[in-house]
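Participant: Sequence first, then the predicted structure:
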Amino acid sequence: MRNLSAKFLIMSILFLVSCKDKPTCTLPDDRLIQVLVDIQIAEAAAQSLVQPVKDSVLAGYYQQVFVIHKVEEDQFRNCYEELQNDPDRMTDVYNRVLEELSRMEAQSKEE
């Protein structure tokens, strides 16, 4: 009987731990899109660099983007992970990112 109680307790604890909520995205889509736009610009800026310089430069660029937008890296990662698990939303968000990048490109050509 004691063995059964111990097993039940262990199973209950494991169940509760496994049911722990995963972090969710706390950024509104408009703000997330602005962060992703700047990340795409950073990726483009580092495209011509070679490894390992590229990785360290990109890490610096990403940190600057997070500071500019007042976003924690974990906060962004949670949002990006959530996007990866929702392909329809990912498509919508990235279409909006591309629209913003196109708008910025057109604006720069006008100047």
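Facilitator: Happy to help now that I have it.
Participant: Confidence-wise, which helix or strand of this structure is lowest on average?
Facilitator: Lowest by mean pLDDT, DSSP states H and E among the helices and strands of the chain is helix 2-18, with a mean of 52.
Participant: Enumerate the positions of the helix or strand following that one that are buried.
Facilitator: Later in the chain than helix 2-18, the nearest helix or strand by DSSP states H and E is helix 29-46. Within helix 29-46, the residues that count as buried by 16 or more other Cβ atoms under 10 Å are 32, 33, 34, 35, 36, 37, 38, 39, 42, 46. All C-beta spots, glycine's among them, are computed from the backbone N, C-alpha and C.
Participant: quick one: the first one and residue 79 touch, right?
Facilitator: What that stands for is residue 32. Yes: counting by Cβ atoms under 8 Å, residue 32 sits close enough to residue 79 to count as a contact (5.4 Å).
Participant: Between those two, which contacts overlap?
Facilitator: Residues touching both residue 32 and residue 79 (Cβ atoms under 8 Å, 6 or more residues apart in numbering): residue 25.
Participant: check contacts around the residue nearest to residue 72 when sequence neighbours are not counted.
Facilitator: Among residues not flanking residue 72 along the chain, residue 66 sits closest, at 6.8 Å (Cβ to Cβ, 6 or more residues apart in numbering). The contact partners of residue 66, by Cβ under 8 Å, 6+ apart, come to 35, 72, 73, 76.
Participant: What backbone torsions are found at the third one?
Facilitator: For residue 73, the backbone dihedrals (degrees, to the nearest 10) come out as phi -60, psi -40.
Participant: count of neighbours near it?
Facilitator: Counted with other Cβ atoms under 10 Å, the neighbours of residue 73 add up to 11.
Participant: any idea how far residue 79 is from it?
Facilitator: Counting by Cβ to Cβ, to the nearest Å, the gap between residue 73 and residue 79 amounts to 11 Å.
Participant: Could you do the second one as well?
Facilitator: According to Cβ to Cβ, residue 72 and residue 79 sit 11 Å apart.
Participant: more crowded one of those two?
Facilitator: Ranked by neighbour count (other Cβ under 10 Å), residue 72 and residue 79 place residue 79 first, with 23 against 10.
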